[in-house]
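**Q** missing the sequence, but the structure's below:
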């Protein structure tokens, strides 16, 4: 008898926690507004451009807009934070602190080392990686 009561209490607690989480996520989805940074359930990060009923227009990159169901949004995320030193360096270089500008040329950066992509795996160093399969 005690075992059955314990199982019922456990299921009641699980139901309460799940219901509370669903209610919180539902409230967040209903308050989405243009300019909010969001992440969808599939892991896509985007900015809300417009919200009309159950349809959101999300901007995934500058100028690229897609229609998504409001229910696809998993959570709001904050803007990408940049280290203060990186922000200062970007400002000195004339680039925005949040990323590359349209006129930046990554090939002109002297800090980027050149590397070669091998044509086949024969030139790769086999050391350090063991085959986990017997």
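**A** Thanks, I have it. Remember, predicted model here, so these are calculated numbers, not experimental data.
**Q** can you give me phi and psi for residue 52?
**A** When quoted as degrees, to the nearest 10, the phi and psi of residue 52 stand at phi -140, psi 100.
**Q** which pLDDT value belongs to it?
**A** With respect to pLDDT, residue 52 has a value of 90.
**Q** what is the burial count for residue 70?
**A** 16 (other CB atoms under 10 Å). For the C-beta atoms, the positions are set from N, CA and C on the backbone; glycine is no exception.
**Q** now residue 28
**A** Neighbours of residue 28 using other CB under 10 Å come to 15.
**Q** helices or strands next to the host helix or strand of residue 25 in the packing?
**A** In the assignment (DSSP states H and E), residue 25 maps to helix 2-30. Applying 3 or more CB pairs under 8 Å, 6 or more residues apart in numbering; DSSP states H and E, we find helix 2-30 packed against strand 73-76.
**Q** ok, residue 34 to residue 22 distance?
**A** Applying CB to CB, to the nearest Å, the value for residue 34 to residue 22 is 25 Å.
**Q** tell me which residues of the helix holding residue 25 are tucked away?
**A** Using 16 or more other CB atoms under 10 Å as the test for burial, helix 2-30 gives residue 29.
**Q** likewise stretch 46-59?
**A** Buried residues in stretch 46-59, counted by 16+ other CB under 10 Å: 46, 47, 48, 51, 56, 57, 58.
**Q** got these as JSON lines, with secondary structure columns?
**A** Output for these, formatted as JSON lines (DSSP: H, G, I helix; E, B strand; the rest coil):
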{"residue": "46", "secondary structure": "strand"}
{"residue": "47", "secondary structure": "strand"}
{"residue": "48", "secondary structure": "strand"}
{"residue": "51", "secondary structure": "strand"}
{"residue": "56", "secondary structure": "strand"}
{"residue": "57", "secondary structure": "strand"}
{"residue": "58", "secondary structure": "strand"}
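**Q** residues in contact with stretch 39-50?
**A** For stretch 39-50, contacts defined as CB atoms under 8 Å, 6 or more residues apart in numbering pick out 32-38, 56-60, 65-66, 68, 72-77.
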